[in-house]
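Student: give the three-dimensional model of this entry:
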Amino acid sequence: MTILKNPNEINETVTLAGIVYGQPGVGKSTLALSAPNPVLIDADKGMRRVEKRFQVPSLPLNDYKDILELFQSTELHPFDTIVFDTLGKLVDRMGEYVVAENPKNGNGKGSLSMQGWGALKVEFQRLLKLAQSKNKHLIFVAHEREEKDGDMTKVRPDVSGSSGKDLVKDLDFMGYMEMRGTKRTISFTPTEKYYAKNALKLDPVIEVPDTEKGNNFIQKVIIERTLERLKEDDEENARYANLMADHDRTLAKVVDAATANEALAVIDCAPVIWDSTRVAKHRLADKIKACGLKYDLTAKVFKEAEKKAA
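Tutor: The predicted structure follows:
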């Protein structure tokens, strides 16, 4: 029994994590709830602003301990996505929690001390790991904030401290929502204007449709398309592994010039997947060297090396 697994042998639940942020009133919360079967951690008390038909079960967040209690319960089991709205308010409640746990985490003026910011960072990472352990998709909602980047002014998610930057490291996508004329768009590729992240290879800018026919943008456009692409990648990985196994079986038969020429013909006629031909020919070259063969450039075949006269 082997411990290492080939890519095509790995079979585990794929969950995605992302953040939607942008201009006020552009529909960020509603868009976040377009993820599959969501439950809402309502740190911003914004469920009432969502259309009735798109409202979902939620936790109106007054105390960060409520999240920890929820995560220890079985109430999250029926859901496929956890939505945190907003990230900024979530971090605020978390800051109150770390000060309550240890007064030294506060500076006595209603803000966090240096130690407190460190404690907040640790707690935030703990929450992320706890949420991801539930095998749910994670969607964060945030307002936008302008930030100086050298001589440029960029828009980024509005969240205190380094939590936003820490979060981005673990995200699959970061989408910036804005109005372009009369159309709502979400952008995943960073520009001089705003931060974004596109590890899922989504289209750089996508128009967000109205919700007349329902609210399923994240489910259909982001998650289902990504899972479909990952499935195609897995299938291609499997084809590559099978092809290289075929090449290895062919190369195992190389013992002389005749079998070397047969192997070269098989490699040249085989389908090409990524670097399959190059790798196979490198392996063939090792076999040729081991057999003491040489390549006849005129005849374009391998021949036995001529023995030197005694």
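Student: how far away is residue 86 from residue 236?
Tutor: Relative to residue 236, residue 86 is positioned 39 Å away (CB to CB, to the nearest Å). Every C-beta, even on glycine, is put in place using the N, C-alpha and C of the backbone.
Student: so these two - more neighbours on which side?
Tutor: Each of residue 86 and residue 236 has its neighbours counted (other CB atoms under 10 Å); residue 86 has more, 24 against 14.
Student: report the contact partners of that one.
Tutor: Going by CB atoms under 8 Å, 6 or more residues apart in numbering, residue 86 touches 43-44, 46, 140-143, 158.
Student: going by distance to residue 18, which of the residues you listed wins?
Tutor: For these, the residue nearest residue 18 by CB to CB is residue 140; the value is 7.3 Å.
Student: can you pull the contacts of that closest one?
Tutor: Residue 140 neighbours (CB under 8 Å, 6+ apart): 17-20, 32, 83-87, 90, 157, 167.
Student: what distance separates the start and the end of stretch 193-208?
Tutor: Terminal residues of stretch 193-208 lie 19 Å apart, using CA to CA, to the nearest Å.
Student: check stretch 35-55 too.
Tutor: 12 Å.
Student: scan the protein for its longest strand.
Tutor: If you go by DSSP state E, the chain has its longest strand at strand 137-149.
Student: buried residues, the following helix or strand past that one. List them.
Tutor: Later in the chain than strand 137-149, the nearest helix or strand by DSSP states H and E is strand 152-157. By 16 or more other CB atoms under 10 Å, the buried positions in strand 152-157 come out as 154-157.
Student: same question for stretch 22-34.
Tutor: Of the residues in stretch 22-34, 22, 26-34 count as buried by neighbour count, 16+ other CB under 10 Å.
Student: next one: stretch 179-186
Tutor: Quick answer for stretch 179-186 (16+ other CB under 10 Å): 184-186.
Student: and if you look at stretch 128-145?
Tutor: Buried, per 16+ other CB under 10 Å, within stretch 128-145: 128, 131, 136-144.
Student: ok, what's across the strand from the nearest residue to residue 175 once chain neighbours are set aside?
Tutor: Nearest residue to residue 175, sequence neighbours excluded (CB to CB, 6 or more residues apart in numbering): residue 186, at 4.2 Å. For residue 186, the beta-bridge partners are residue 177, residue 206 (DSSP bridges).
Student: need the contact list for residue 186.
Tutor: 20, 22, 31, 175-177, 205-206, 208.
Student: hmm, try it at 10 Å
Tutor: Contact partners of residue 186, counting by CB atoms under 10 Å, 6 or more residues apart in numbering, are 20-22, 26-28, 31, 173, 175-178, 196, 202-203, 205-208, 217-218, 221-222.
Student: now residue 256
Tutor: Counted by CB under 10 Å, 6+ apart, residue 256 has contacts 291-293, 302, 304.
Student: just residue 64 next, same as before
Tutor: Residue 64 sits next to 43, 90-98, 100-101, 123, 127 when contact means CB under 10 Å, 6+ apart.
Student: so which of these belong to helices?
Tutor: Secondary structure from DSSP state H places 90-98, 100-101, 123, 127 of the contacts of residue 64 in helices.
Student: part of a strand, is residue 255?
Tutor: No. For residue 255, which was evaluated using DSSP: H, G, I helix; E, B strand; the rest coil, the result is coil, with no strand membership.
Student: how close does it get to residue 300?
Tutor: Taking CB to CB, one finds residue 255 at 21 Å from residue 300.
Student: what's the farthest-apart pair in the buried residues of stretch 128-145?
Tutor: Using CB to CB, the pair of the buried residues of stretch 128-145 lying farthest apart is 136 and 144, separated by 25.5 Å.
Student: for the chain, what spans make up the helices?
Tutor: With helices called from DSSP H, the chain shows them at 28-32, 64-72, 87-101, 114-132, 163-169, 217, 225-251, 257-269, 276-291.
Student: what comes up buried for the longest one?
Tutor: For helix 225-251, the buried set under the neighbour-count rule, 16+ other CB under 10 Å, comprises 226, 237, 240, 243-244, 246-247, 250-251.
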